[in-house]
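Asks: model this:
(one chain, ligands or ions: 2)
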Amino acid sequence: MADSAQAQKLVYLVTGGCGFLGEHVVRMLLQREPRLHEIRVFDLHLGPWLEDLKTGPVQVTAIQGDVTQAQEVTAAVAGAHVVIHTAGLVDVFGRASPKTIHEVNVQGTQNVIEACVQTGTQFLVYTSSMEVVGPNTKGHPFYRGNEDTPYEAIHKHPYPRSKALAERLVLEANGRKVRGGLPLVTCALRPTGIYGEGHQIMRDFYRQGLRLGGRLFRAVPASVEHGRVYVGNVAWMHVLVAREMKQRAALMGGQVYFCYDASPYKSYEDFNMEFLGPCGLRLVGTRPLLPYWLLVLLAALNALLQWLLRPLLLYAPLLNPYTLAVANTTFTVSTNKAQRHFGYEPLFSWEDSRTRTILWVKATEGSAQ
Ligand SMILES: NC(=O)C1=CN([C@@H]2O[C@H](COP(=O)(O)OP(=O)(O)OC[C@H]3O[C@@H](n4cnc5c(N)ncnc54)[C@H](O)[C@@H]3O)[C@@H](O)[C@H]2O)C=CC1
Ligand SMILES: C[C@@H](CO)CCC[C@@H](C)[C@H]1CC[C@H]2[C@@H]3[C@H](O)CC4=CC(=O)CC[C@]4(C)[C@H]3CC[C@]12C
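Replies: Numbering: from 1, shown residues only. Ligands and ions are numbered 1, 2, ... in the order given. Predicted coordinates for the structure are as follows:
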């Protein structure tokens, strides 16, 4: 990256490289970053699919490691030109403790920053989230907002709180001197709800629909817009940011970018039906079948049961007060900041994104048709 000799021999580290998004980032880098020499895939749990990548021209190094362990992170970062930090504990269902979420998402990110500083790695791309902005606990809508839209961000839940703290650490680290004296350049990408091949919650909804005889029951009004973005486009944004941030460090350093594409504005459930419909599922009801107050009660009951049962078993249903609030609050983005700052255009059209996701759902279990 620094000079022409190095230009053809880039070393990238992708933390969380075996996760839903991370795998797409790894595959995208291999397809779309011709200067790649080595890609290090760092994850707590390594996927078997990595083996198939090892026969290609780029060196693929699998590193089983934990971002909460500073020495493991430093060893993985040493010698890398770019770090794409996607690793995180994505938990809004109460599976992990708030302490663990903080350790992985905040302390883990701090470890990545310090490793860059200590080893002389100059470029850090952080996967943040729309959740660092909202929806907030007051249920204020964020309607087609952009990176500069004022919004009262109030975080009570451990996951968004941890993402907001980690994002701040990353942005504040921009400009710090790394080993050798050059400045660290950092950017944060904020995806809205990511969908596409490998999306676990989509799979869960599909299975639930199959169990219910091919039906899902509307719980959220169709008028509530929830922002969604295709995983391939989110991965592409990461690759582009990593590629462009050296040339445009003054413009891009310390910046946040929402991840966006041409996915339509719809409610969470109506959007899912774009994929689950062609797989044979039907969304019952043009309006929510249960009144909102009853859903609130059920969500609260689930939270209570989770707490009561915790000593015996992990009860973590999809519906809880937090997920209900997120699904029930309009949060959509409309921005072209990524296009203006680093020339981003979605790589996948809405039609492609939709088709790919449908094919994946169908291949997952076999269709309900
Ligand atoms: N899924 C979504 O809709 C959205 C996700 N994000 C962010 O994108 C990133 C990736 O999320 P997903 O791919 O959806 O989640 P995921 O759970 O599929 O992937 C996360 C990866 O991080 C790894 N990981 C977890 N703890 C680790 C640790 N201590 N050390 C090393 N690796 C660890 C996991 O093993 C997993 O492979 C996360 O930072 C998340 O906050 C942001 C917006 C939306
Ligand atoms: C009320 C239920 C009846 O069908 C629907 C519950 C759906 C929820 C499980 C999801 C609704 C919105 C999702 C979140 C949103 O897309 C934003 C996110 C960003 C992230 O960084 C991580 C994932 C998530 C919090 C995502 C999680 C699942 C929902 C709450």
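
Asks: can you count the residues close to the residue nearest to residue 136 when sequence neighbours are not counted?
Replies: Excluding its sequence neighbours, the residue lying closest to residue 136 (C-beta to C-beta, 6 or more residues apart in numbering) is residue 154, at 4.4 Å. Backbone N, C-alpha and C define where each C-beta goes, glycine included. Residues lying near residue 154 (other C-beta atoms under 10 Å) number 13.

Asks: Find the helix or strand that residue 154 is a member of.
Replies: Under the criterion DSSP states H and E, no helix or strand holds residue 154.

Asks: Likewise for residue 111?
Replies: Assigned by DSSP H and E, residue 111 belongs to helix 108-119.

Asks: list the helices and strands that helix packs on?
Replies: Helix 108-119 sits against helix 70-77, strand 82-85, strand 123-127, helix 158-173, with contacts defined as 3 or more C-beta pairs under 8 Å, 6 or more residues apart in numbering; DSSP states H and E.

Asks: nearest to residue 32, of the ones you listed?
Replies: strand 82-85 (13.1 Å; C-beta to C-beta).

Asks: residues in contact with the closest one?
Replies: Strand 82-85 has contacts (C-beta atoms under 8 Å, 6 or more residues apart in numbering) with 1, 10-16, 25, 67, 77, 109, 112, 115-116, 121, 123-127, 170, 238, 242.

Asks: Ok, stretch 326-341 next?
Replies: Outside stretch 326-341, the residues that touch it by C-beta under 8 Å, 6+ apart are 92, 130, 133-135, 139-147, 192, 219-221, 224-227, 237, 240, 244, 248, 251-252, 255, 257-260, 265, 267-269, 292, 344-345.

Asks: you'd agree the residue nearest to residue 136 is up against residue 140?
Replies: No: using C-beta atoms under 8 Å, residue 154 makes no contact with residue 140, being 9.2 Å away.

Asks: Quickly list what's touching both of those two.
Replies: Applying C-beta under 8 Å, 6+ apart, one finds that no residue jointly contacts residue 154 and residue 140.

Asks: Who are the contact partners of residue 68?
Replies: Here residue 68 is in contact with 103, 104, 107, 108, 111 (C-beta under 8 Å, 6+ apart).

Asks: Doesn't the first one belong to a helix?
Replies: Yes: going by DSSP: H, G, I helix; E, B strand; the rest coil, the assignment for residue 103 places it inside a helix.

Asks: per-residue pLDDT, it?
Replies: Listed pLDDT for residue 103 reads 98.

Asks: Kindly report the residues of the stretch 1-150 of the chain close to ligand 2.
Replies: 90, 92, 129, 130, 131 (C-beta under 6 Å from any ligand atom).

Asks: can you do 8 Å?
Replies: Neighbours of ligand 2 within the stretch 1-150 of the chain, by C-beta under 8 Å from any ligand atom: 90, 92, 93, 129, 130, 131.

Asks: so where is the protein shaky, pLDDT-wise?
Replies: Residue ranges of the chain with pLDDT under 70: 1-8, 365-369.

Asks: Phi, psi for the nearest residue to residue 174 once chain neighbours are set aside please.
Replies: Nearest residue to residue 174 in three dimensions, chain neighbours excluded: residue 254, at 3.6 Å (C-beta to C-beta, 6+ apart). Dihedral angles phi and psi of residue 254 (degrees, to the nearest 10) take the values phi 80, psi 10.

Asks: burial count for residue 254?
Replies: Neighbour number of residue 254 under other C-beta under 10 Å is 18.

Asks: of all the helices and strands packed on helix 108-119, which lies closest to ligand 1?
Replies: strand 123-127 (4.2 Å; C-beta to the nearest ligand atom).

Asks: so how far is the closest one off the chain centroid?
Replies: Its chain's C-alpha centre lies 13 Å from the corresponding centre of strand 123-127 when counted by C-alpha atoms, centre = their mean, to the nearest Å.
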